[in-house]
Structures are given as structure tokens and as C-alpha cells.
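**Student:** below are the sequence and a predicted model; questions follow.
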Amino acid sequence: MARRSNGSVNAIGQREKPSSMVEECGIGNRFSIRITCMFTAIALSLSFFVALSIGCVSRVVLLSIAGALPPSTRPAAAAASDAVAKYEPPPREQARTMSGKTANQLPSPKVLAGKDVPYTTYTSKTFHTAATVTANTLHIDRTTAMLLMTGKTSKGGDDGGPDLVAQRNKPKVRDSAGEWIPCHESPNPQCSRGKAATHRVDNVNTAGHNSDANEAHLPAGQHLLIDLKDVSSSFLNSESRLAEAMISLIEQSRLTLLSYHCHSLVPIGVSCAGVLLESHVAFHTWPVEGVITLDLFTCGGMPLIPVLPIVESLFAVQREEGEVEEGELGVKPSMLWAHKLRGFREGFAEGYDPSDNPLDGEMERFLLGKMDYDLKRPLVSTHTDFQSFEVYEVLPSAKRSLTSYQKSLDTEHETYESANPELFLPDKLLYLGGVMQSTLYGEAIYHESIVHPPLITHDDPKRVAIVGGGEGATLREVLKHRSVNYAVMIEIDGEVVELSREYLKEWSDCSDIHGSTVDWCLEDERVEARYEDALAYFKTKYGQFTTGVAEQDRFDVIIMDALDPNDVPEIAEELYQSDNFIGSLYRSLTEHGILSVQLGETPWFASAPDEVGAFSNRAIMIQKMQQVGFKSIHIYEESHSGFLSPWSTLLAFKHYDSRAKWYRSAAEIELELQKRILPTKSGRRPLQNYDGATHFSYQMPSKPFETNDCRAMDGTYKCGNYGGFSPININVPISNLEVREDGGVLAKTDIAKHSWIGLDDQVKTFVTRPSTWSVLDSVWRGRRSSFINYLKEFGVCNIFLGHTHCSAIPRIFQLMNSDTESFNFGDWTSLTDRKSVIYSPVIDRHIRQVLKASKMTLEDITEGEEIVMRSSHSSSCSSL
């Protein structure tokens, strides 16, 4: 019997599947379908390619609509029109693969000969986007440097050189013989990244405190930010040219570029970032606008500011014809930049002191670290034996216009700027030790403020000494006085004098002074320049144990234009705190000698008193001046000196009589200037700022000085007495007083202590200046005059202003009985007390109130009680 099969044979001879299988396929009992593997593969492949084609077409359409299609796949005119109005970008270089291997391969960074570069690992991730046309990564080429350093190749180690392939992950250093050895074989166990673990540096307080030569790297660095505009658009859109410029920048800066990565952007522009052994460099370009921004960060100690000319020479490529509008061809690229210190130094470098690093102070915060200068370029940056010396030329965008400056240089076209170029010149800033000393547009005002007030106050200044003043400007102002026949400048740093002569010619230019036969002030025959320590000079010649100093060897005026009182160096403390030095200054002055001292910035309203604040040296010096014998001390400020704050000056008079000259009227000062100041050869005014009105303003200290003085330990007394008319004190009208028939004045009501009486009449009191009273006395002496008779009968005279001067007080006060011991009304202090107050910004600021309206009740006065005036400072004029 035949064996039964699992299926039957159909009409054409094919074996049929069992019904159960057919049912499983859901086909039924009549039909069956067989699908081969080949058919399935072909169908899927066709579907994939169809979908891919549709996707590519859709991408092109969408990018065209968005205006972001690469120029290589769109018509050039359409791409330029959509990307940038009226600009057709230059043709792109041939697109490259990620390896960068094309005919236009970008240059590779190289190791500088003689420089050890540790081996590093590399990790990279690139994201493909429609915004980039090319993406290229280049790595350091060590071959050249290895050949120069060892004379060997670096291929596989067959020739004895290091196997850069097999040992690429093993850090290496060079031994004493110059051979490459693995790090673990080096006798120096701390060779990671070629840096020593210790942070002890021999000279940490300099700009190069983080130098590679010291084999120490702090967790700190320098950051240079640079913006360039009006740069060639073709250069800014050329990836290869930009890469070459970046590599040249790194090589010329003596840095090491390990690798860099560049992207050409859609529709235009290039971005590159480079990894340095020292840190990084990066830039981005806007070709249409002609702008590139670049930043360079290093953790090494090499100063970055000297790199600026290199950046400018490589990246400030001038625009060519066809890249600019008509009339703009020839415009040179301009550069804005800022330098910042980054990271931490204090606590990581033993002995580091920010005040000793010129880059870690005022110059960094207010000049180098700011980009709001249309022009900022160093003219000189060097070190003398004593300090750093820097001069910068700047155009602050808020005060000076770069366009106006450029117009002032155009002599072919007549403009206001070209006719007055001196008004549009860049400013010059002088920094010593990182601290600004003077500016081109402020130096004349500053030096006038410390020189002319003391010389005009002196009757006949012939001999003048200058402490410091190496720029020569203080000397220049002194030599403008006809009476001066000898001026000695004592400057410890002779290099500052020579550098100033070269880079700050305006400061010491005496060529325009009438009668001058020299251009440089220090060559004037009246001048003696001594390059020595001024402290030692005065202590030796005029010290406390020095005897036999002739009067002709003393000085009429001494001007201290040296360190600020808040400077940290010990020499500043010696200048402002030494009893011997301050005493020697006093002894070196003639009988009516005057000392002028620059005292740094004016205090703020919120400043602590000088005794406990940053200006303790100032407070100590003023105290010691009183102790050595100066009779009157005054302080004033000048707010136009070009500094960040108003600058203060102190005058100390050896004789009390000098107050009379100091308190002259503005007209009297103008007359003295006309007599004493030499005219100019050019016809210009010899003084820029100082005149009678300026001197008049100097007679009254600023409100911050008054406020600061009030916060002193003895300030409450002075401020309570003379700090203006306080609303706390009641003003009692004269109508509340009664004049007795037998003499004397009674109170008609109770009057509280510290109440004003007749203030309305007191403020109208007529006060004569010493010079005015001298004229009145000489004209009317021996004659009858109702005015003189009135002063003799009712006037009060004193010497508060240096010489005798009188005032006509209200008649009610003349009717009061007076007593020197038993009194309840009068001034807060007598003239004797006032004369003993050698220094008081409060009294100086309110001196007109003191002279006119200073009388108050000194005790509580009850109704019917007699008011008795204190008789002390006032003397009757009847004897005159």
C-alpha cells in the first residue's frame, strides 16, 4: 500500500500544502503564495532609495526657502541675495573631509625648535549641521622640532628616536643630555605636563610671575580680548588664510599650538578654535561687516600685551577695491582690546603681593581691562631700577571721537578739526608701578594746582625745592615765576626723567616760556637736578642734629610731588610718617616758608576718617606737621586733573601771617599772577586752569573733607560749632531782647543754650579783608570819616585772617556788657582758640560764617537775665 503524504498534488503537479497550513496563512483552500528572499530584498532596497531621494529633494527645497543652502548647491546670485543684501561672497575653497586631506589642506601647527612639548591625548566630537560647509581638525607636527632637537627622525624608533606611535600615550621629558625619556624614568617625579608641582617662585611680583622659566604654573592666567573692524572680507572668509594667520600668531608669540579646529559657516564666515599647550585661542569672523573677534588665553607668564602688534599685523588686513563703498577705500582697520588677569594668585604663590604687580591693580582695572577706548596703544612699557614705567595713548569713546581725530590729521581738507588738531589728539596716560601719575589733558591742571597756590601765597619765592616730579612738569610750572632764581629737583629715579623726556615731551617743555633759551626744562640754568633719595637729602642737610644752616640755603617753597600717601611701599610711610623727615622739611624752610604736598584722592562721603582708613598716612602727616611747628594748614582739591577722583593738595604755612596772602580776593590773586607769571612766546595763556577764581575756590575745602574731618575723634566739637546753621539751634530775634537805660541787655523770654541771637543781622555783618583794612587805614588815618568812626565805635577787629581785619557787628551786641570770665553769650571759641586750631577743614569751609555769624548763647538764659558777651578774641577798633 502506498504511504499517505501530508499534502496532495494539484493539477499542474505541485504539491499542495495541508489545509491546516493554508488556513494558518489566511489564504483559504483554493490559493497559495510563495515570496522569495530575493524579492523581499529588492523591494526593501527600492523603497529605501525612493525615500532617500525624496528626502534629499525636500532638504534642498527647504534650505532654499530658508536661505541657508551652501553656495556650492545654489546659484551664487541667489545665495548672496538671500544671505547678505548687496553682497556676493567670494567663492569657497574646495570642501574637505574631516581629515582635511585635499589639495587645499590647511597648515599644521608645529613645535618651536628647542621647546619641550608633553604628549597629550585627544578627544573630539564633530556635529554635522547645515550651518557649516567644511570642518577641519589639524594636529601638531612634531617632526621638524624633533629633528632639530635630537637630530633623529620619529618613525617607529628604528633610528633610535622615540617611537611616536607605539609610545604616544607615554608622557616624556628630556634628560640633561637632551634625549627623550619616559616620564617615570626622569629623576624629577613631578613632570606631568612639564610643570613643577611647587608654586614657589623667585619673583612672583612682576608681570612675568608665571613664567615658564620658573617651572611653576599658578592657577591663573592672562586673557587678551581683541575686536577688529574694517578688515578685508575676502580674508575673513578664507579659512586657509585665517588658519595661517593663527599659526603665525602662535609661533611669533612663542606659544605652542597642539591642535585647532575650523568651520566654514553658512552662508558666510569662519570660526576657529585652537588648543594651546598654555591654554587656547579662538576667533569668529563677519566678512560682510569686516569684523573679527579674537581671544587668546594663556596660563604662562609671558606678557600678552606685546602680542598686540603681532595680531594687528596678521589680522588687520585692509579692505581692497570692490569690498567697500566708494570713498571708503583706504580706511585702515581699527582695533579694540582688553587684557584681564584671570584665576588666583594670592594664596597660591608664596610672597605674592598684588600691589607689586603693575598688571594687578589700577592700570588693569581702569585701562587694560576695558574695551571702551576707540584707540588704546602702549607707547612704552619698561622697568627702571625702582618701578615699572608705562605710557599709553588712548581715545576714550565717551570723551574723544576717533572720527574727529582722523579728520584732524587730514591736512588736505579744511575742517575745524584740521585747523585745531590739538583739541582732538589722543590722551597720554603715565603709569608708574601700575598707578596712574598724570595724563596729557590733565597734567597741566594738576601741576598748576600744586605749584602756583604756594608760590602766589608767598611774598617773594626765590628758592624752590621739588621732591619727586621726575616727569618735569612740576619744574616747568615753577620756572614760569619771575622771582624764582633757583630750583632743585630731587628725584630718586633718574631713568623716569630720561624716559619722560623721550615719551612725555609736553610735560617738561619750556620752549614757550618767555626768556627761555632751552626746550627741556631741566637744562634751564636756574635748575639743579639731583638723582638721589630726597629723604636722605633733607635729613642730612636739615636734620634735627644739623646746625649752622645759613638762611640763604633754605627754601621759600617746597613741593612734594612724590608717592601717594596710601601707597603700600615702606618709602611712602617714611615720607608721611617720619618725624625726622617732616621736621627736616620744616627746618629747611625760610621764616615765611610754605610746604605743598599732594595728598592723593579726596575722601568719599562714606569714607572712614583718615586715622583708621586707607589714608592713615595723610592723617599722621598732618598731625606731625602741627607738632613740628607749622602754624596754619589748609587742604583743597582739584577735580580736573584727569584722575578717577578729585585730587587733594595740602599747604602748610610756617608763619601765621601767610594766611593773609592765602585769603586774598580773586582780583588780588589775578593781579599777582599778572605781575609774577612770565608770558609765552606764542601768545597763549601761560596757565590753563589756575586763576583768581580757582584760587578763591581752593580757600574752601570740599564737603567730603569736612565730613571726613567731622568723623575724626575730635570732629564732633568742630562740626557742632561751625558746620553751618543747624535747624536744631533756635534763632532768637532781637525783638526778644531789651536794652536797659543804665546799659546792658536783658532777655525778655527764656532762651535755651546754643541758640542764635539776631542771626538775620549777624549774617549781614560787614567784614573787611586784611588788605582792605590796610587800604582803609592808610587812606583815612588822620581824617574824619563816618565809616571809620563807626568801625572805631562799634567795630570788632582781629587777626583771624592772618593780619588785622575788622567787622561792624550789629549795634545790639555793642550795647551788651562784656566779661572775660563771667559770660553767657559769644563765639564758640575765642580767637586765641581759633589760632590754635592749625588744621580744620570744617572752619576753613565755613570761614565766612565764622567771621560773620558765630555768636550763640553759651548757657540757658532765663527771662529777665542779663546777656553778657564774652570778651576775648575781639578788640576794639577805637585805638586804631
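**Tutor:** Great, that's in hand.
**Student:** for the biggest strand by length in the chain, packing partners?
**Tutor:** When the chain is parsed with DSSP state E, its longest strand is strand 589-601. Using 3 or more C-beta pairs under 8 Å, 6 or more residues apart in numbering; DSSP states H and E as the contact test, the elements touching strand 589-601 are helix 443-457, strand 555-561, helix 616-628, strand 647-653. In short, each C-beta sits where N, CA and C put it, glycine included.
**Student:** I799 and H805: what is the separation?
**Tutor:** To H805, I799 is 7 Å away according to C-beta to C-beta, to the nearest Å.
**Student:** compare those two (neighbour count), which wins?
**Tutor:** Shown here are I799 and H805; by other C-beta atoms under 10 Å, H805 has more neighbours (22 against 18).
**Student:** who is that one paired with across the strands?
**Tutor:** Legend: beta-bridge partners of H805 under DSSP bridges are N798.
**Student:** identify the residues contacting it.
**Tutor:** When contacts are counted by C-beta atoms under 8 Å, 6 or more residues apart in numbering, H805 touches V767, T768, R769, P770, T772, W773, C797, N798, I799.
**Student:** the first one: how many residues sit nearby?
**Tutor:** In this case it means V767. 17.
**Student:** quick check: it touching A853?
**Tutor:** No. The criterion here is C-beta atoms under 8 Å, and V767 misses it with A853 at 10.5 Å.
**Student:** ranges for the strands of the stretch 351-500 of the chain?
**Tutor:** Secondary structure of the stretch 351-500 of the chain (DSSP state E, counting those that start in this stretch): strands located at 373-383, 388-396, 427-432, 435-439, 463-468, 486-490.
**Student:** partners of the fourth one in the sheet?
**Tutor:** Here strand 435-439 has these sheet partners by DSSP bridges: strand 427-432 (antiparallel).
**Student:** show me what the strand it pairs with is in contact with.
**Tutor:** 358, 362-363, 367, 379, 387-396, 400, 436-441, 471, 496, 500, 504, 506, 642.
**Student:** residue ranges with poor pLDDT in the stretch 101-250 of the chain?
**Tutor:** Applying pLDDT under 70 to the stretch 101-250 of the chain flags residues 101-105, 114, 119-122, 125-133, 142-217.
**Student:** and the stretch 651-800 of the chain, by the same measure?
**Tutor:** 713-724, 777, 779-794.
**Student:** geometric centre of the protein: which residue is closest?
**Tutor:** F366 (2.7 Å; C-alpha atoms, centre = their mean).
**Student:** please name the nearest non-neighbouring residue to that one.
**Tutor:** Closest residue to F366 apart from its sequence neighbours, by C-beta to C-beta, 6 or more residues apart in numbering: L644 at 6.4 Å.
**Student:** which SS state does the one you found fall under?
**Tutor:** coil (DSSP: H, G, I helix; E, B strand; the rest coil).
**Student:** and the gap between it and D372?
**Tutor:** Per C-beta to C-beta, L644 is found 14 Å from D372.
**Student:** equivalent analysis for S778, please.
**Tutor:** S778 is 60 Å from D372, where distance means C-beta to C-beta.
**Student:** please apply the same query to L650.
**Tutor:** According to C-beta to C-beta, L650 stands 34 Å off from D372.
**Student:** looking at the two, which is more packed in?
**Tutor:** Applying other C-beta under 10 Å to L650 and D372 shows that L650 carries more neighbours, namely 21 against 10.
**Student:** was I right about that one contacting I635?
**Tutor:** Yes. In terms of C-beta under 8 Å, L650 counts as a neighbour of I635; the distance is 4.9 Å.
**Student:** show me the common contact partners of those two, please.
**Tutor:** Counting by C-beta under 8 Å, 6+ apart, the contacts common to L650 and I635 are L599.
**Student:** buried residues, stretch 483-493. List them.
**Tutor:** V484, A487, V488, M489, I490, E491, I492, D493 (16 or more other C-beta atoms under 10 Å).
**Student:** what of stretch 726-739?
**Tutor:** Using 16+ other C-beta under 10 Å as the test for burial, stretch 726-739 gives N729, V732, I734, L737.
**Student:** what do you get for stretch 847-854?
**Tutor:** Applying 16+ other C-beta under 10 Å to stretch 847-854 flags I847, Q849, V850, L851, K852, A853, S854 as buried.
**Student:** any figure for the gap between the closest residue to the fifth one other than its chain neighbours and K855?
**Tutor:** If I follow you right, that is K852. Distance criterion C-beta to C-beta, 6+ apart; nearest residue to K852, sequence neighbours excluded, is T765 at 4.4 Å. According to C-beta to C-beta, T765 and K855 sit 10 Å apart.
**Student:** okay, the two: which has more neighbours?
**Tutor:** In this view T765 and K855 are compared by other C-beta under 10 Å, and K855 has more residues nearby, 22 against 16.
**Student:** got a pLDDT number for that one?
**Tutor:** Note on K855: pLDDT of 79.
**Student:** just put the contacts of H805 in JSON lines and tack on distance to G600.
**Tutor:** Listed next are the contacts of H805 as JSON lines, based on distance: C-beta to C-beta, whole Å:
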{"residue": "V767", "distance to G600": "34"}
{"residue": "T768", "distance to G600": "37"}
{"residue": "R769", "distance to G600": "32"}
{"residue": "P770", "distance to G600": "32"}
{"residue": "T772", "distance to G600": "36"}
{"residue": "W773", "distance to G600": "37"}
{"residue": "C797", "distance to G600": "39"}
{"residue": "N798", "distance to G600": "34"}
{"residue": "I799", "distance to G600": "32"}
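**Student:** pLDDT of stretch 594-613, averaged?
**Tutor:** Mean per-residue pLDDT for stretch 594-613: 85.
**Student:** can you mark which positions in that stretch are buried?
**Tutor:** 594-603, 607, 609-610, 613.
**Student:** again, but for stretch 534-545
**Tutor:** A534, L535, Y537, F538, K539, Y542, G543.
**Student:** residues in contact with the nearest residue to the last one once chain neighbours are set aside?
**Tutor:** If the residues on either side of it in the chain are set aside, G543 comes closest to S584, at 5.3 Å by C-beta to C-beta, 6+ apart. Taking C-beta under 8 Å, 6+ apart as the criterion, S584 is in contact with F538, K539, K541, Y542, G543, Q544, T546.
**Student:** phi, psi for the fifth one please.
**Tutor:** Note on G543: backbone dihedrals following degrees, to the nearest 10 are phi -70, psi 170.
**Student:** from the buried residues of stretch 483-493, which is closest to I456?
**Tutor:** Distance to I456 across the buried residues of stretch 483-493 (C-beta to C-beta) is lowest for V484, with 12.3 Å.
**Student:** how close does the closest one get to T804?
**Tutor:** 30 Å.
**Student:** please work out how many residues are found near the closest residue to V488 other than its chain neighbours.
**Tutor:** Nearest non-adjacent residue to V488, counting by C-beta to C-beta, 6+ apart: E528, 4.5 Å away. A total of 13 residues lie near E528 under the criterion other C-beta under 10 Å.
**Student:** and for Q674?
**Tutor:** Neighbour number of Q674 under other C-beta under 10 Å is 9.
**Student:** so it: helix, strand or coil?
**Tutor:** Using three-state DSSP, the structure places Q674 in helix.
**Student:** check the gap between it and G692 for me.
**Tutor:** Taken as C-beta to C-beta, the span from Q674 to G692 is 10 Å.
**Student:** got it, and Q544?
**Tutor:** For Q544, the distance to G692 - C-beta to C-beta - is 39 Å.
**Student:** what's the neighbour count on R254?
**Tutor:** Neighbours of R254 using other C-beta under 10 Å come to 13.
**Student:** buried residues in stretch 641-653, which are they?
**Tutor:** Buried-residue list, stretch 641-653, by 16+ other C-beta under 10 Å: S641, G642, F643, P646, W647, S648, T649, L650, L651, A652, F653.
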